[in-house]
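J.: next come a sequence and a model predicted from it.
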Amino acid sequence: MKNIILSISIALLLISCKEETKDKLKEAKEALSLEMKNAVDSVKTKAETALDSVKTKAKSDLDSVITKSNLKVDEATQKIKEIKEVIKK
């Protein structure tokens with residue numbers, strides 16, 4: 001009789017622990033999901049910031065190249081005009 005009561009007590013204890021474990025696992029899962037979402041959002045924000053920075057620098061560099069190219073074209077045009085004037089004389 002003692003063995004039966006002891007077995008039933010242990011079984012009830014294990015069942016109650018099992019429910020607590022399930023609850024703890026559910027809470028841990030939710031916490032991990034939240035942490036992962038926050039980490040992904042953080043990485044996304046950093047990537048967007050870096051991309052914006054690269055875009056700005058690339059546009060600045062391109063504008064600089066265009067400006068320098070325009071100056072070179074203007075210089076070449078001026079030299080061609082000078083050569084035409086020399087040839088006309």
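T.: All right, it came through fine.
J.: ok, now how distant is Glu85 from Gln78?
T.: Using CB to CB, to the nearest Å, Glu85 is found at 11 Å from Gln78. In this view, the C-beta of every residue, glycine as well, is placed from N, C-alpha and C.
J.: revised request: answer the last question for Ile66.
T.: 19 Å.
J.: repeat for Lys55
T.: 35 Å.
J.: what of Ala58?
T.: 31 Å.
J.: for this structure, give me the ranges with low pLDDT.
T.: Filtered on pLDDT under 70, the chain yields the residue ranges 2, 6, 10-20, 89.
J.: for it, what spans make up the helices?
T.: All helices of the chain, identified by DSSP state H, fall at 2-88.
J.: and Lys22, how far is that from Lys72?
T.: For Lys22, the distance to Lys72 - CB to CB - is 74 Å.
J.: please save the CA atoms from stretch 66-86 in CSV.
T.: Presented in CSV, the C-alpha positions along stretch 66-86 are these (Å, rounded to 0.1, in the frame of the first residue of the first chain):
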residue,chain,number,x,y,z
ILE,A,66,31.3,65.1,-63.4
THR,A,67,32.5,68.6,-62.3
LYS,A,68,36.2,67.7,-63.1
SER,A,69,35.1,66.2,-66.5
ASN,A,70,33.2,69.3,-67.4
LEU,A,71,36.2,71.5,-66.5
LYS,A,72,38.5,69.3,-68.7
VAL,A,73,35.9,69.5,-71.6
ASP,A,74,35.9,73.3,-71.2
GLU,A,75,39.7,73.4,-71.3
ALA,A,76,39.8,71.2,-74.3
THR,A,77,37.2,73.4,-76.1
GLN,A,78,39.2,76.5,-75.3
LYS,A,79,42.4,74.9,-76.7
ILE,A,80,40.6,73.8,-79.9
LYS,A,81,39.3,77.4,-80.3
GLU,A,82,42.9,78.7,-79.8
ILE,A,83,44.2,76.2,-82.4
LYS,A,84,41.5,77.2,-84.9
GLU,A,85,42.5,80.9,-84.4
VAL,A,86,46.2,80.1,-85.0
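J.: contacts for that stretch?
T.: Applying CB atoms under 8 Å, 6 or more residues apart in numbering, stretch 66-86 has no contact partners.
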